[in-house]
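J.: return a 3D structure for these sequence lines:
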Amino acid sequence: MDLQREAVKRPINPAMECFNGTIFHVWKGNQPCRIYVAGGQVYFIRRAVAGIDPGKAAIIGSQFGLIGGLAVGLANVAKAKTSADLVRDDDTTPPDQLVSKHADNYAIPVSDILEARIEPQGKYVSYGKNAGRWHFTRRGDAKETVVLLESPADASRAVVLLGAVLGSRLRNDAGEGTADETAFDVVAGVALPSDRADVVSALQNLTQLLGEQAPAAWQHVRCDVRVAPPGSPGALEIVIGDGNLPDERRPVVPPPIYQAAARVARKVSPSVKTFPGLVIEMTRLDQKRWQTSATLMDTPGVESGTVARKQVGQQRLGAPIHATLDALVSAVDRKPWTDFQREPVRYYFDKMIGWWLLRLMDGALSDPQLQAVASDDVKAVTLLLVRDMFRHNSRLLRPQTANAAWIDELFEELAASLELPAGRLRDDGQPYEIEDIDNCAWARTLAAPFGLPAEKLFACHSAIVTGALEEFG
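T.: Alright, predicted model coming up:
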């Protein structure tokens, strides 16, 4: 396997054998790590995670509006909280000198790693975006550790490094090398929602065509895609050339490339006319592989409304939702509940609160209405929906606890910690009706402060509450 691509992505000391991965936690936040294999030990060193740069943030904002903006905001908040004790990708300090720098750093003797296997990126979307997973148990601990591998290059490197020390004890279910040898790095580092894989696919198709048709002598390719000026024969103007010779780029492109670029424009923007433009830059790694980046052009006026709405959405919706999630996590962590099942809660929160509730709000609220949203209203609707999921699935969440009184006690505690008036969560103590859509008064009450379509709120909540039981029951 050729590791040149990995070397281009991040400089490393050749003596340090490492790859990037994230330790997966069902309930608490995942832990991004740089994982070293050295001296008979596997070191897990907490890693600094970069935020999203402005060009890539603009791509997400243009594709996903308010929801994409919230994702960008969270990523950059994480960057702002980066500690100097977290290792950076260009840090060449040996791992044995890094262990003491952060409380979460540790090392495991290779001999203590049991039941190790590498799995491919597969259908298990609950893990989130990954290029493969390393599963193992530790001697003396029955709990399985799951490490999400960040990129195809990291997955391949994990197979090589772990295979060298574990030998036959490492089961590789991902296939030889795990990485697709012809894969392209498109918009590297941007986390896209799983249901917008069509955007990534369209970009990959375009970059593959560009790579295949680039002259062999070209080591760099630049492709500019923008809305064509009036009177042009096509809707798009596409200029391709040797990235080292900008004055020799040509505006005439083969039809397959034009069609692929038009497909990207339609995926990125509702209309080709509002497409802000895209710059694709490619660096040749070998005759078949390219390292590729794509950034949105800086087109004045096109993104200003999206950016402003994104920023307001982060403040009015994103902040209170995540404050509510943090309060819930902290409250449950304080409880001595050995039977509490966290996976169904994550499932509901990710699908209902983090996706559908935000989509419904984004569609219902005008810019002035979004600006006027009260933080307490957002916290209250989030708690009410999550509490109802708990009520419907109390035995799923705590299978050894027959009395469900713990649910209302927990949410009263949450309301107090979030400084909500006690009356905001007061009701008859019964689960919401989720089978008869004609009996959805609760949905109309919850939807009213935001002008949401009550029937859609009912349908989404009902399906996801039921889905949690089907998935984990």
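J.: quick one: mean pLDDT over stretch 148-164.
T.: For stretch 148-164, the mean per-residue pLDDT is 86.
J.: any idea how far it is from the chain center?
T.: Taking Cα atoms, centre = their mean, to the nearest Å, the mean C-alpha location of stretch 148-164 is offset from the chain mean by 20 Å.
J.: list the buried residues in it.
T.: Residues of stretch 148-164 classed as buried: 148-159, 161-162 (neighbour count, 16 or more other Cβ atoms under 10 Å). To be clear about C-beta, it is placed using only N, CA and C from the backbone, and glycine gets the same treatment.
J.: likewise for stretch 386-396?
T.: Residues of stretch 386-396 classed as buried: V386, R387, D388, M389, F390, R391, H392, N393, S394, L396 (neighbour count, 16+ other Cβ under 10 Å).
J.: just to revisit the earlier point, of the buried residues of stretch 148-164, which is the nearest to S417?
T.: Comparing these against S417 with Cβ to Cβ picks out L148 as the nearest, at 30.6 Å.
J.: now that closest one: how far from I108?
T.: L148 is 17 Å from I108, where distance means Cβ to Cβ, to the nearest Å.
J.: also E433?
T.: In terms of Cβ to Cβ, E433 sits 50 Å off from I108.
J.: same question for L383.
T.: On the measure of Cβ to Cβ, L383 and I108 end up 39 Å apart.
J.: more neighbours, the two?
T.: The neighbour comparison of L383 against I108 (other Cβ atoms under 10 Å) goes to L383, with 20 against 15.
J.: isn't the more buried one right up against A415?
T.: Yes. In terms of Cβ atoms under 8 Å, L383 counts as a neighbour of A415; the distance is 6.6 Å.
J.: any common contacting residues for these two?
T.: Jointly contacting L383 and A415 under the rule Cβ atoms under 8 Å, 6 or more residues apart in numbering are R424, L425.
J.: what are the ranges of the helices in the stretch 1-150 of the chain?
T.: Per DSSP state H, counting those that start in this stretch, the stretch 1-150 of the chain carries helices over the ranges 4-9, 54-80.
J.: give me the neighbour count for Q97.
T.: 8.
J.: who is V146 paired with across the strands?
T.: H135 (DSSP bridges).
J.: contact partners for it?
T.: For V146, counting by Cβ under 8 Å, 6+ apart, the contacting residues are I23, F24, Y127, R133, W134, H135.
J.: show me which of these are buried.
T.: When the contacts of V146 are checked for burial by 16+ other Cβ under 10 Å, the buried set is I23, F24, Y127, R133, W134, H135.
J.: let me know the closest of those residues to A331.
T.: A331 lies nearest to F24 out of these, by Cβ to Cβ, at 22.1 Å.
J.: and the nearest residue to the closest one once chain neighbours are set aside, how far is that from H25?
T.: Nearest-residue entry for F24: V146, 4.3 Å, with adjacent residues in sequence omitted and distances by Cβ to Cβ, 6 or more residues apart in numbering. To H25, V146 is 9 Å away according to Cβ to Cβ.
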